[in-house]
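Peer 1: Give the three-dimensional model of this entry:
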Amino acid sequence: MVNVAVCGANGKMGQEVVKAVSASKDLTLVAKIDIYNGEFVSIKDACETVKIDVLIDFTQPKSIYENALFCLNNGINIVIGTTGLSDDEIEVLKSLSEEKCLGCLIAPNFSTGAVLMMKFAQMASKYFDNAEIIELHHNQKKDAPSGTAVKTALMMASENTNFTTGNCSEVETIKGARGANSYNNIHIHSVRMPGYIASQEVILGASGQILTIRHDSMNRECYMDGVLRAVRYVIDNKSFVYGLENIL
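Peer 2: Numbers count the residues shown, from 1 in each chain. Sure thing, here's the model as predicted:
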């Protein structure tokens with residue numbers, strides 16, 4: 001059995017992960033890390049009482065990097081679902097994972113449908129020179145743009161060098177009206193609204209045609225298959241992975 005701890009266990013995603021791990025026949029939930037009765041139970045606290053093979057982190061952008069450093073420096077494989085890591089932080093975690101021979105899997109999105117959406121957008125980018133991304137999340141999400149949007153843009157940019165081909169010179173009369181200009185001029189627009197869970201739309205254009213690729217998450221259960229796949233992968237492979245598509 002694989003001993004699993006869940007960090008952010010009281011959050012909406014954390015609660016779903018706790019249920020999924022508890023129901024799994026080959027995984028054992030040994031620790032729930034969060035605030036209980038006004039007191040914070042830390043990863044270090046949990047390590048003093050139980051052996052943790054894999055930690056699943058669904059916390060906040062401000063804490064994920066330190067959590068990951070602690071795990072990799074203390075012999076714990078980690079699956080990261082929290083978004084907001086910088087490119088430099090990801091590189092540090094990659095190097096540390098390789099140095100320590102520990103699994104570290106970072107996935108901006110654990111939904112197989114979302115992963116397919118990202119792959120389809122990457123494929124289409126070979127044939128369209130204009131593209132923008134609209135990502136829509138609940139209004140409690142703290143980071144913008146979403147990790148999924150950033151990862152999608154990065155994948156698309158690997159297939160094309162400029163996604164504003166033919167555009168005129170633009171002037172924003174209100175700053176930010178054109179969204180964030182990301183990799184190879186892919187503009188990303190972030191919407192935060194109650195009622196959404198997680199949705200993303202990739203719009204690709206060429207003369208005389210528009211292609212729209214969209215994915216909507218209706219509940220958080222759709223992420224659990226990907227989370228459990230990731231846990232089993234880091235245990236078996238002890239390597240660094242960025243993106244669920246790399247293990248499917």
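
Peer 1: rest of the way, CA atoms for contacts and neighbours
Peer 2: Will do.

Peer 1: Check Gly84 and give its pLDDT.
Peer 2: pLDDT, Gly84: 86.

Peer 1: go on, the one 5 residues further on?
Peer 2: The confidence metric pLDDT takes the value 96 at Glu89.

Peer 1: same check, this time on Asn10
Peer 2: What the model reports as pLDDT for Asn10 is 94.

Peer 1: part of a helix, is it?
Peer 2: No: looking at Asn10 with DSSP: H, G, I helix; E, B strand; the rest coil, it is coil, so not inside a helix.

Peer 1: With adjacent residues omitted, what lies nearest to it?
Peer 2: Leaving aside its sequence neighbours, Asn10 sits nearest to Asp34 (CA to CA, 6 or more residues apart in numbering; 6.3 Å).

Peer 1: separation between the one you found and Phe240?
Peer 2: 26 Å (CA to CA, to the nearest Å).

Peer 1: What's the first helix or strand after the helix or strand Thr148 falls within?
Peer 2: Element membership for Thr148 (DSSP states H and E) is helix 147-157. Using DSSP H and E, the helix or strand that follows helix 147-157 in sequence is strand 180-181.

Peer 1: and the next element down the chain from that following strand?
Peer 2: strand 187-192.

Peer 1: quick one: the helices in the protein?
Peer 2: Here the chain has its helices, by DSSP state H, at 12-23, 43-47, 61-73, 87-100, 112-124, 147-157, 224-237.

Peer 1: So which residue is dead centre in this structure?
Peer 2: Geometric centre of the chain, nearest residue: Pro108, 1.3 Å, by CA atoms, centre = their mean.

Peer 1: Compare Asp34 and Phe240 (neighbour count), which wins?
Peer 2: Neighbours per residue, other CA atoms under 10 Å: of Asp34 and Phe240, the larger number sits with Phe240, 23 against 19.

Peer 1: Relative to Ala107, how far out is the more buried one?
Peer 2: 11 Å.

Peer 1: How about Leu154, nearest residue that isn't a chain neighbour?
Peer 2: In space, and not counting its chain neighbours, Leu154 is closest to Tyr183: 6.2 Å by CA to CA, 6+ apart.

Peer 1: Wait, the one you found touches Ser158, no?
Peer 2: No: contact criterion CA atoms under 8 Å: Tyr183 and Ser158 do not qualify, at 9.2 Å.

Peer 1: Lovely, talk soon.
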